[in-house]
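Enquirer: coords below, sequence missing:
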Ligand code: SAH
Ligand code: SF4
């Protein structure tokens, strides 16, 4: 989501202010730091980054802070780092022109702003286009700061999404990657009194009607909204890639209730195992929080049980980080950090074994790989339909094309192979 926000900012600066991009901070007239605030660590990093760029930048160059940490710290950023020129929240990227032209500009308002979607097209990678389908989040997960930084959840009107996807596809993006905090809740609420009578499965079908689009991915769906209709379209629509991100957070129903996630261990397992049954080649990834307040050894074992049963192809696991403005930060039963670290390590060890097993079975398999980029190693990199990262030798003429690859060297994090045709 932050990557897409950065693309929006760049588009606006190029279009309205004639800026061009540079990789060299010493050349820059403007240095933008786009921030996350989901966990505490990136927030600390922000101030060391500001200090680093302040030393490196040329005289007169401006530093701007954007994104979720801008939203939640606001004015405090100017106090702690007086050389910052502007602070622009995650929901305010459309104000970037005003920000660069106003001294000490602060905009962290989370009111809805329709102009937020009227951007020129800019993409870091023309072969794969991120498209926002909703902004904000209406859920109240007790650990999460996102609803405070990105505001209430609003779906973007379908015509805007389809037009953006069509334009990106015409410019070379055969893969469209839909973004939102709860994508499968799409269509519940639009801005003002508009009602477009469309849900997420219908949106997937409508995007798949764009001829140039070959692949559709999305993140994050919420396990609570994984009803049969959604699973049916996911399974049956051939353009929808067969990889699902299912953010588990915890395998313990007790902890899930305290997190206010709205589903149980049994519901999650039912949905994940149903997908495995309907699509034996599906890949499933997840997010897990370890050491949420009150997590006992038994709760942790429930999480490990789900990990062992589902055999996720990828896990993003982090230790619980207490965040300001969230309910869980006030819970009295916070977990000792060492206990959290030990559980995280145990989870990672078990997951490594699972991944070794999964990757071993991929030797000699043949995948359709959509080539997206050239790595610094010189290898081409792309993804199989079910999201395995595959690297092969080849030349730039293959960018944006789908090739058949035989896997000759499967590793935990990437599969290496040879193009067969
Ligand atoms: N909307 C998505 C998540 C967005 S935040 C969902 O509901 O799944 C991305 C991930 O950050 C979450 O899935 C969660 O695993 C992690 N996260 C959020 N708040 C956290 C916190 N306080 N401590 C640790 N991890 C957190
Ligand atoms: Fe945060 Fe929960 Fe919303 Fe995801 S669904 S962004 S975890 S509040």
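Expert: Sure, I can see it. Please read these numbers as outputs of a predicted model, since none were measured by experiment. Ligands and ions are numbered 1, 2, ... in the order given.
Enquirer: any weak-confidence spans in this structure?
Expert: By pLDDT under 70, the weakly predicted segments of the chain are 112-119, 193.
Enquirer: how is it partitioned into domains?
Expert: 2-107, 123-241, 247-361, 366-420 (automatic domain parsing).
Enquirer: can you add mean neighbour count and distance to ligand 2 and give the ones you listed back as TSV?
Expert: C-betas here are computed from N, CA, C, even on glycine. What follows is these, written out as TSV (neighbours: other CB atoms under 10 Å; distance: least, CB to the nearest ligand atom, whole Å):
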stretch	mean neighbour count	distance to ligand 2
domain 2-107	17	8
domain 123-241	18	3
domain 247-361	17	7
domain 366-420	17	20
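Enquirer: strands along the stretch 1-150 of the chain, start to end?
Expert: Applying DSSP state E, counting those that start in this stretch to the stretch 1-150 of the chain gives strands spanning 30-35, 62-67, 86-89, 105-107, 128-132, 134-135.
Enquirer: dump those into JSON lines; add distance to residue 396 as well.
Expert: Below are those laid out as JSON lines (distance: least, CB to CB, whole Å):
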{"stretch": "strand 30-35", "distance to residue 396": "28"}
{"stretch": "strand 62-67", "distance to residue 396": "32"}
{"stretch": "strand 86-89", "distance to residue 396": "36"}
{"stretch": "strand 105-107", "distance to residue 396": "41"}
{"stretch": "strand 128-132", "distance to residue 396": "16"}
{"stretch": "strand 134-135", "distance to residue 396": "35"}
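Enquirer: mind checking those strands for the one nearest to residue 369?
Expert: Residue 369 sits nearest to strand 128-132 of all the strands of the stretch 1-150 of the chain, at 13.0 Å, using CB to CB.
Enquirer: and the closest one, what does it pack against?
Expert: Applying 3 or more CB pairs under 8 Å, 6 or more residues apart in numbering; DSSP states H and E, we find strand 128-132 packed against helix 2-17, helix 158-170, strand 175-179.
Enquirer: who does it pair up with?
Expert: strand 175-179 (parallel) (DSSP bridges).
Enquirer: angle of the helix or strand following the strand it pairs with against strand 175-179?
Expert: Note on strand 175-179: by DSSP states H and E, the next helix or strand toward the C-terminus is helix 200-208. Here the directions of helix 200-208 and strand 175-179 differ by 150 degrees (axes from the mean of the first three to the mean of the last three CA atoms, to 10 degrees).
Enquirer: helix 200-208 to helix 158-170, inter-axis angle?
Expert: If you take the same axes, to 10 degrees, helix 200-208 sits at 40 degrees to helix 158-170.
Enquirer: contact partners of helix 200-208?
Expert: 133, 158, 161-162, 165, 176, 178, 183-187, 198, 213, 216, 218, 221, 225, 229-230, 232-234, 237-240 (CB atoms under 8 Å, 6 or more residues apart in numbering).
Enquirer: again with stretch 271-290
Expert: Outside stretch 271-290, the residues that reach it (CB under 8 Å, 6+ apart) are 143, 220, 223, 226, 231, 234-235, 242-250, 259, 300, 303, 306-307, 309-310, 312-320, 340, 343-344, 347, 386-388.
Enquirer: among those residues, which ones are in strands?
Expert: Using DSSP state E, the subset of these located in strands is 243-245, 314-319.
Enquirer: now residue 274: how far from residue 28?
Expert: Distance, residue 274 to residue 28, using CB to CB, to the nearest Å: 50 Å.
Enquirer: ok so, going back, ok, which of the ones in strands among the contacts of stretch 271-290 also contact ligand 1?
Expert: With the criterion set as CB under 6 Å from any ligand atom, the members of those near ligand 1 are residue 318.
Enquirer: which residues touch residue 298?
Expert: Contacts of residue 298 (CB under 8 Å, 6+ apart): residue 252.
Enquirer: and if we set it to 6 Å?
Expert: By CB atoms under 6 Å, 6 or more residues apart in numbering, the contact list for residue 298 is empty.
Enquirer: possible to save the strands of the stretch 1-150 of the chain as TSV with distance to ligand 1?
Expert: Formatted as TSV, the strands of the stretch 1-150 of the chain follow (distance: least, CB to the nearest ligand atom, whole Å):
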stretch	distance to ligand 1
strand 30-35	14
strand 62-67	13
strand 86-89	17
strand 105-107	23
strand 128-132	13
strand 134-135	11
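Enquirer: run the angle between the longest helix seen in the chain and strand 314-319 for me.
Expert: Criterion DSSP state H: the longest helix present in the chain is helix 337-360. Angle, helix 337-360 to strand 314-319, by the same axes, to 10 degrees: 170 degrees.
Enquirer: right, I'll call it a day here.
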